[in-house]
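Engineer: This is a predicted model, with the sequence first.
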Amino acid sequence: MASMSSAQIISPTAFQNKMVLQGLPRPTYPTAGGFWHGALPGQPAGPEDIKPFAQQSYAMQASGPPPITGYESTAGLTMSPSAPPWQGRSIASSKLRMLEFSAFLEQPQDSETFNKHLFVHIGQSNPTFSDPYLEAVDIRQIYDKFPEKKGGLKELFEKGPGCAFFLVKFWADLSINLQDDSNYFYGVSSQYESSDNMIITSSTKVCSFGKQVVEKVETEYARFENGRYVFRIHRSPLCEYMINFIHKLKHLPEKYMMNSVLENFTILQVVTNRDTLETLLCVAYVFEVSTSEHGAQHHIYRLIKD
């Protein structure tokens, strides 16, 4: 998997490979779907390859990349014998662990209650040593989806540490009726923990065709709870660009049109130690529209460089 092209990563067959990690027999499978149009188990498969959104016809190709070959789940992974079980199995470096992440919409029902809709969500997990390590993807295959200038993904990865870099594919839940209502609140919440008392800075860059269009920078102080330092960025307002983007996406009549737009839309989140400027976590997000009745879903990969 680490040597795949960007058109092959994150497809239905990635989940077949996961079965191998868990000791299950590996079934035969057809040609892999594209990078942006892989389906989760239980979801209907979408078009394999969508033409760029700018083309009026929205034509589709039937051809797909060759099947995924095997990969080594521990590729690029160096783990201390004393490392906790979540390292290598969740979004966590040796100094910071992501506990939760969500982007949501709150719609007031009355003066005291509201409905909360999750567009994307990573819930807290507690992996054990018996769980498989996250699958690995060569970071060079996604360089073109993110800024390459100073401070871009390539430069960040070269600076390291390598254990801090992750790729998340979200299947976003857009099954909600949107209105231009000033009482609606669009927000993002995230939570982290560390054994170190520090101040963190979170930079979130929204990118279109690999170019940064907007950036939000937030600073968070540690709170000591139950023997650890916890960082919470709670109900941070979504920027106007993102709100407009979601509304425009929802106005498209077909999901494959939405996915064609999302093919060129990415987000890069970098969490650093404010005082030392050390990279604590770097998460690259790519998106597709969920077709599941279970709402938002995701899959996490480690980024490596073979």
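Structural biologist: Arrived safely.

Engineer: For the stretch 51-200 of the chain, which segments count as helices?
Structural biologist: Secondary structure of the stretch 51-200 of the chain (DSSP state H, counting those that start in this stretch): helices at 153-159.

Engineer: quick one: low-confidence ranges for it?
Structural biologist: Residues of the stretch 51-200 of the chain meeting the criterion pLDDT under 70: 51-79.

Engineer: quick one, strands of it?
Structural biologist: 60-61, 97-108, 114-122, 135-138, 165-172, 185-194, 199-208 (DSSP state E, counting those that start in this stretch).

Engineer: Which positions in the last one come out as buried?
Structural biologist: Of the residues in strand 199-208, those buried under the neighbour-count criterion (16 or more other C-beta atoms under 10 Å) are 200-202, 204-207. C-beta here means a position set from N, CA and C on the backbone, and glycine is covered the same way.

Engineer: circling back: can you list the strands of the stretch 51-200 of the chain in JSON lines and add distance to Lys255?
Structural biologist: Formatted as JSON lines, these follow (distance: least, C-beta to C-beta, whole Å):
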{"stretch": "strand 60-61", "distance to Lys255": "13"}
{"stretch": "strand 97-108", "distance to Lys255": "19"}
{"stretch": "strand 114-122", "distance to Lys255": "15"}
{"stretch": "strand 135-138", "distance to Lys255": "25"}
{"stretch": "strand 165-172", "distance to Lys255": "11"}
{"stretch": "strand 185-194", "distance to Lys255": "21"}
{"stretch": "strand 199-208", "distance to Lys255": "20"}
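
Engineer: Which one of the ones you listed lies nearest to Val230?
Structural biologist: strand 185-194 (5.2 Å; C-beta to C-beta).

Engineer: And for Asp196, the neighbour number?
Structural biologist: When counting by other C-beta atoms under 10 Å, one arrives at 12 neighbours for Asp196.

Engineer: Who are the contact partners of it?
Structural biologist: 95, 229 (C-beta atoms under 8 Å, 6 or more residues apart in numbering).

Engineer: before we move on, the earlier item: ok, which pair from the buried residues of strand 199-208 is furthest apart?
Structural biologist: Longest span within those, C-beta to C-beta: Ile200 and Cys207, 21.7 Å.

Engineer: before we move on, back to that, I'd like to know which of the strands of the stretch 51-200 of the chain is closest to Thr291.
Structural biologist: Closest among the strands of the stretch 51-200 of the chain, using C-beta to C-beta: strand 165-172, at 7.8 Å.

Engineer: Run through who's touching the closest one.
Structural biologist: 10, 38, 40, 43, 91, 119-120, 122, 134, 137, 139, 142, 156-157, 262, 281-292, 296-304.

Engineer: next one: stretch 153-161
Structural biologist: Here stretch 153-161 has contacts from 93-94, 139, 142-143, 146-148, 165, 268, 270, 279, 282, 284, 303, 305, using C-beta under 8 Å, 6+ apart.

Engineer: can you check stretch 226-235 too?
Structural biologist: 185, 187-198, 200, 202, 218, 220-224.

Engineer: Go again with 7 Å.
Structural biologist: In this structure, residues lying in contact with stretch 226-235 by C-beta atoms under 7 Å, 6 or more residues apart in numbering are 187, 189-197, 200, 202, 218, 220, 222-223.

Engineer: Just the CA trace of that stretch, in PDB.
Structural biologist: Taking Å, rounded to 0.1, in the frame of the first residue of the first chain, the C-alpha atoms of stretch 226-235 are listed here in PDB:
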ATOM      1  CA  ASN A 226      -7.000  12.300  36.200                       C
ATOM      2  CA  GLY A 227      -3.200  12.200  36.000                       C
ATOM      3  CA  ARG A 228      -3.000  13.600  32.400                       C
ATOM      4  CA  TYR A 229      -3.000  17.000  30.700                       C
ATOM      5  CA  VAL A 230      -6.200  17.500  28.600                       C
ATOM      6  CA  PHE A 231      -6.700  20.100  25.800                       C
ATOM      7  CA  ARG A 232     -10.200  21.000  24.600                       C
ATOM      8  CA  ILE A 233     -11.100  23.200  21.600                       C
ATOM      9  CA  HIS A 234     -14.900  23.400  22.200                       C
ATOM     10  CA  ARG A 235     -17.500  24.700  19.800                       C
END
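
Engineer: mind listing what's buried in that stretch?
Structural biologist: 229, 231-233.

Engineer: ok, Met259 touching Glu288?
Structural biologist: Actually, residue 259 is Asn rather than Met. Yes - Asn259 sits in contact with Glu288 when judged by C-beta atoms under 7 Å, with a separation of 5.3 Å.

Engineer: Which residue ranges of the stretch 201-306 of the chain form strands?
Structural biologist: Taking DSSP E, counting those that start in this stretch as the test, the strands found in the stretch 201-306 of the chain are 211-221, 223-225, 228-237, 265-273, 279-289, 297-304.

Engineer: Just say which of those strands is most tucked in.
Structural biologist: strand 279-289 (a mean of 23; mean count of other C-beta atoms under 10 Å).
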